[in-house]
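Colleague: what follows is a predicted protein model with its sequence.
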Amino acid sequence: MNVGKVVGTIVASQKDEKLTGTKLQIVRQLELDGSETGAFVVAIDAVGAGEGEVVLYASGSSARQTALTKDRPADAVIMAIVDSIEVDGKLLYQK
Amino acid sequence: MNVGKVVGTIVASQKDEKLTGTKLQIVRQLELDGSETGAFVVAIDAVGAGEGEVVLYASGSSARQTALTKDRPADAVIMAIVDSIEVDGKLLYQK
Amino acid sequence: MNVGKVVGTIVASQKDEKLTGTKLQIVRQLELDGSETGAFVVAIDAVGAGEGEVVLYASGSSARQTALTKDRPADAVIMAIVDSIEVDGKLLYQK
Amino acid sequence: MNVGKVVGTIVASQKDEKLTGTKLQIVRQLELDGSETGAFVVAIDAVGAGEGEVVLYASGSSARQTALTKDRPADAVIMAIVDSIEVDGKLLYQK
Amino acid sequence: MNVGKVVGTIVASQKDEKLTGTKLQIVRQLELDGSETGAFVVAIDAVGAGEGEVVLYASGSSARQTALTKDRPADAVIMAIVDSIEVDGKLLYQK
């Protein structure tokens, strides 16, 4: 999984029928120090993350293993909201 | 999923029989500000996207989860046409 | 899928039994203008592509969706021979 | 698989129900000489690795092949703790 | 698939039970001219490759399609030993 921050949303009324009812969030990938890597992904939100929240997202077939994303043509899912990140004994992030 | 723009098509009469009847679109990957990343992918179009349209595409096994792409040897699918992209409260794109 | 050019072959007599009878082609990845990206992949040929031909290849689990590659330990397959590539209304390649 | 070092943990109380009971470790990817590549991944720990330990991690659908990660929306798993790394006849790492 | 050279081994006594009995080889990725790309992968050896041998390896779910790697948490497998590489009509490598 990667760490990212929810920064926005994409609206798409014309989409594959298997995507009906999903929320498409834009997630910027983060380094462990909270800076942005420059990469982003569009992910289905399985945990109700709000804009600005630091999240974990899974990619590939693993993105289809939540109840919400099962059998959907989606290759990224937000599957957790991060409470804290601790590296080398230091607290780098706390919600 | 990634954001891209449909810029063209590939015609291939000699192909695996499981690809019969599919339309192969060329999609340039976009940044959130609409600039091109330089990368492109050839994707099966599951939503009837026209040239110049901004779309979402899914990669890997997830690309086979639409009714059109099921069991096909295709690793990318256009699964949505983008209406709008909103980042940090600003509307970056509207169809 | 990506666009590539068949540039050679790999012979491997000692291989997993599930690879018996497959032809291993070397494919250099191409940009849309026909220049080489510098990347290459070794792919099973499902369409009888000859050396020098411009092809489409699929990667990952999608590479196992042809009759020839089903259940084989192969992560790339040539699944189409390109007739033409049209981008922004211009014909960039014709066989 | 890749070689990495466990450097920290992520706590996430609000997560997909399929992630309940898993430990999320932060793994920095290593070169063979033990230096860091700069990349990191968040992985489920299937072997009880402690902070500072050198481990192997698998990515993608293969990350779901342990008893612990089966059917979970996780794309990386720590599946081994490294005892030693030998390259070109030299012992580069020993636990 | 990619081309690589077996350069060493990793010993890991503490590992997921599904990895029991597998040999973990370190494979440096090669360019077609035999130079190293700088990337490496740890792969399960399905063909008995020895150190120094030029091999093909498959990645992702395709790595689990050999009898040896079926259902294992492994994302790379050595599935062939290369006899020869021919590019543009020239023999670039012969065992």
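Modeller: Perfect, I can see it now.

Colleague: A:Ile85: how many residues sit nearby?
Modeller: 25 (other CB atoms under 10 Å in any protein chain shown). C-beta coordinates here come from the backbone N, C-alpha and C atoms, glycine included.

Colleague: do the same with the one 5 residues further on
Modeller: A:Lys90: 8 surrounding residues under other CB under 10 Å.

Colleague: quick check: which element contains the most centrally placed residue in chain A?
Modeller: Among the residues of chain A, the one closest to the centroid is A:Ile78, at 3.2 Å (CA atoms, centre = their mean). Remark: A:Ile78 resides in strand A:76-81, with elements defined by DSSP states H and E.

Colleague: is chain D contacted by the very next helix or strand once past that strand?
Modeller: Later in the chain than strand A:76-81, the nearest helix or strand by DSSP H and E is strand A:84-87. Yes: against chain D, strand A:84-87 shows contacts by CB under 8 Å from any CB of the partner chain at A:84-87.

Colleague: chain center to strand A:84-87: distance?
Modeller: 18 Å (CA atoms, centre = their mean, to the nearest Å).

Colleague: can I get it in CSV? Just the C-alpha atoms.
Modeller: Extracted C-alpha coordinates of strand A:84-87, given in CSV (Å, rounded to 0.1, in the frame of the first residue of the first chain):
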residue,chain,number,x,y,z
SER,A,84,-0.4,8.0,12.9
ILE,A,85,2.9,7.2,11.1
GLU,A,86,5.9,6.3,13.2
VAL,A,87,9.3,5.9,11.7
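
Colleague: list the strands paired with that strand, with their directions.
Modeller: Sheet pairing for strand A:84-87, assigned by DSSP bridges, gives strand A:90-94 (antiparallel), strand D:2-11 (antiparallel).

Colleague: sort out which residues of the shortest one are buried, please.
Modeller: So that's strand A:90-94. Across strand A:90-94, burial judged by 16 or more other CB atoms under 10 Å in any protein chain shown covers A:92-93.

Colleague: list the contacts of it.
Modeller: A:32-34, A:54, A:82-86, D:8 (CB atoms under 8 Å, 6 or more residues apart in numbering or on different chains).

Colleague: go with 7 Å
Modeller: Residues external to strand A:90-94 that are found in contact with it (CB atoms under 7 Å, 6 or more residues apart in numbering or on different chains): A:32-34, A:54, A:82, A:84-86.

Colleague: try the last one
Modeller: Applying CB under 7 Å, 6+ apart, the set of residues contacting strand D:2-11 from outside is A:56, A:82-88, D:24-30, D:42, D:49-57, D:82, E:42.

Colleague: related to what we said a few turns ago, of the residues of strand A:84-87 next to chain D - the most surrounded one?
Modeller: Scoring the residues of strand A:84-87 next to chain D on neighbours with other CB under 10 Å, the highest-scoring entry is A:Ile85 at 25 neighbours.

Colleague: how near is it to C:Asp83?
Modeller: For A:Ile85, the distance to C:Asp83 equals 51 Å [CB to CB, to the nearest Å].

Colleague: equivalent analysis for A:Ser35, please.
Modeller: 46 Å.

Colleague: between these two, which one's more packed in?
Modeller: C:Asp83 (15 against 8).

Colleague: skipping adjacent residues, who's closest to that one in space?
Modeller: The shortest distance from C:Asp83 to any non-neighbouring residue, by CB to CB, 6 or more residues apart in numbering or on different chains, is to B:Val11 (4.5 Å).

Colleague: likewise for A:Val41?
Modeller: Spatial nearest neighbour of A:Val41, chain neighbours left out: A:Ala76 (4.8 Å); criterion: CB to CB, 6+ apart.

Colleague: pretty sure the one you found contacts A:Tyr57?
Modeller: Yes: using CB atoms under 7 Å, A:Ala76 is in contact with A:Tyr57, at 5.5 Å.

Colleague: give the contact list for the residue of chain A found nearest chain E.
Modeller: Closest residue of chain A to chain E, CB to the nearest CB: A:Ser61 (7.5 Å). Taking CB under 7 Å, 6+ apart, we find A:Ser61 in contact with B:60-62, D:61.

Colleague: so it: helix, strand or coil?
Modeller: With DSSP: H, G, I helix; E, B strand; the rest coil as the basis, A:Ser61 sits in helix.

Colleague: what of the one 10 residues further on?
Modeller: Remark: A:Asp71 carries the secondary structure label coil [criterion: three-state DSSP].

Colleague: got the contact list for it?
Modeller: Residues near A:Asp71 by CB under 7 Å, 6+ apart: A:18, A:64, B:65.

Colleague: same deal with A:Phe40?
Modeller: Residues near A:Phe40 by CB under 7 Å, 6+ apart: A:26-29, B:32.

Colleague: max pairwise distance over the residues you listed: which two?
Modeller: Pairwise distances across the contacts of A:Phe40 peak at 12.5 Å for A:Gln29 and B:Leu32 (criterion: CB to CB).

Colleague: more neighbours: those two, which one.
Modeller: B:Leu32 (19 against 15).

Colleague: span of stretch A:52-71 from start to end?
Modeller: Length of stretch A:52-71, first residue to last, CA to CA, to the nearest Å: 28 Å.

Colleague: in that stretch, what's buried?
Modeller: Residues of stretch A:52-71 classed as buried by neighbour count (16+ other CB under 10 Å): A:53-66, A:68-69.
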